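K.L.:
Give me coordinates for this.
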Amino acid sequence: MTAVKIVDQNNKEVGSRELNENIFGLEADNAFVHRVYSTLALAQRAGTHSTKTVGEVSGGGKKPFKQKGTGRARQGTTRAAQMRHGGTAHGPQPHGYETRINKKERRRAVALVLSDAIREDRLIVVDKFELEAVKTKAFLSVRDALAVQSGLFVLADNNTQVELSGRNIPHTKIVLDGQMNLHDMLKFDHLVMTADALTNIEKRLGGEG
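P.N.:
As a prediction, this is how the structure comes out:
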């Protein structure tokens with residue numbers, strides 16, 4: 001069984017727990033994670049890039065010069081693609097980038113990243129994360145004790161003191177377990193979560209949540 005130690009905010013071990021092998025014991029599959037990540041990233045693109053075609057460019061109602069006798073190639077409009085200030089031929093047009101990816105694939109990708117985090121000792125589970133007041137220095141003290149310079153902190157419930165204390169710290173992000181996504185998990189070096197958040201994640205990825 002895969003197990004993880006549980007520490008307090010001072011990084012002192014206070015216990016351990018066994019983890020769901022179907023979530024934290026998967027073999028690495030970087031190609032699958034990359035495919036899911038790329039699909040989700042593409043879905044975020046607005047797809048609003050656009051160029052004007054000949055029919056959309058203003059002007060061009062008058063024929064630039066007579067059809068014959070000038071020695072030049074015949075032209076029907078000053079807004080043709082080859083003319084200065086003309087429209088664009090075959091330019092980009094608005095369209096979506098989203099492709100289908102089902103919930104089972106998203107969950108498996110998250111589980112694969114969690115399994116990698118366990119193998120690489122990048123997952124830190126704390127029994128609780130509490131601060132007495134909104135104070136950045138207090139949050140930094142906890143972060144330093146956990147030896148985390150770049151971390152995604154995952155909470156089970158809203159905690160105003162913790163969330164406000166850490167919101168302006170570089171290389172740090174605080175989310176609820178239901179907000180955790182693949183992009184953030186891959187962006188930060190460490191994944192720090194409370195024991196309750198870990199429980200919720202196991203339920204969700206196990207199909208119970």
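K.L.:
quick one, longest helix in this protein?
P.N.:
Selection of the longest helix in the chain by residue count, based on DSSP state H, yields helix 103-119.
K.L.:
Any stretches of this protein with poor pLDDT?
P.N.:
For the chain, the stretches flagged by pLDDT under 70 are 1, 207-209.
K.L.:
you'd agree residue 143 is up against residue 150?
P.N.:
No - in this structure, residue 143 is not within contact of residue 150 by CB atoms under 8 Å, at 9.9 Å. C-betas here are computed from N, CA, C, even on glycine.
K.L.:
circling back: what residues of the longest helix of the chain count as buried?
P.N.:
Under the neighbour-count criterion of 16 or more other CB atoms under 10 Å, helix 103-119 has 106-118 buried.
K.L.:
The residue of the chain positioned farthest from its centre: what secondary structure?
P.N.:
Within the chain, residue 69 marks the point farthest from the mean C-alpha position, 62.0 Å out by CA atoms, centre = their mean. Here residue 69 is recorded as coil under DSSP: H, G, I helix; E, B strand; the rest coil.
K.L.:
ok, now residue 154?
P.N.:
Applying three-state DSSP: residue 154 is strand.
K.L.:
how about it, what does it touch?
P.N.:
Each residue near residue 154 by CB atoms under 8 Å, 6 or more residues apart in numbering is listed here: 174, 175, 176, 177, 180, 191, 192, 193, 194, 197, 201.
K.L.:
Please flag which of the residues you listed sit within strands.
P.N.:
174, 175, 176, 191, 192, 193, 194 (DSSP state E).
K.L.:
Between those residues, which sits nearest residue 124?
P.N.:
residue 192 (4.6 Å; CB to CB).
K.L.:
what about the closest one, distance to residue 64?
P.N.:
Separation of residue 192 from residue 64 (CB to CB, to the nearest Å) stands at 67 Å.
K.L.:
Same drill for the two, tell me which one is more crowded.
P.N.:
Taking other CB atoms under 10 Å, residue 192 and residue 64 do not tie; residue 192 has more neighbours (24 against 15).
K.L.:
That one reaches residue 122, doesn't it?
P.N.:
No - in this structure residue 192 lies outside contact range of residue 122 using CB under 8 Å: 9.5 Å.
K.L.:
so how many other residues sit close to residue 194?
P.N.:
Residue 194 has 23 neighbouring residues, counting by other CB under 10 Å.
K.L.:
Quick check: chain neighbours aside, which residue is closest to residue 111?
P.N.:
Sequence neighbours aside, residue 23 is the residue nearest to residue 111 in space, at 4.6 Å (criterion: CB to CB, 6 or more residues apart in numbering).
K.L.:
Next up, the contacts around that neighbour.
P.N.:
With contacts defined as CB under 8 Å, 6+ apart, residue 23 is in contact with 111, 114, 115, 201, 202, 205, 206.
K.L.:
check which helix or strand covers the residue nearest to the spatial centre of the chain.
P.N.:
Nearest to the mean C-alpha position of the chain, by CA atoms, centre = their mean, lies residue 183 at 2.7 Å. In this assignment (DSSP states H and E), residue 183 forms part of helix 182-187.
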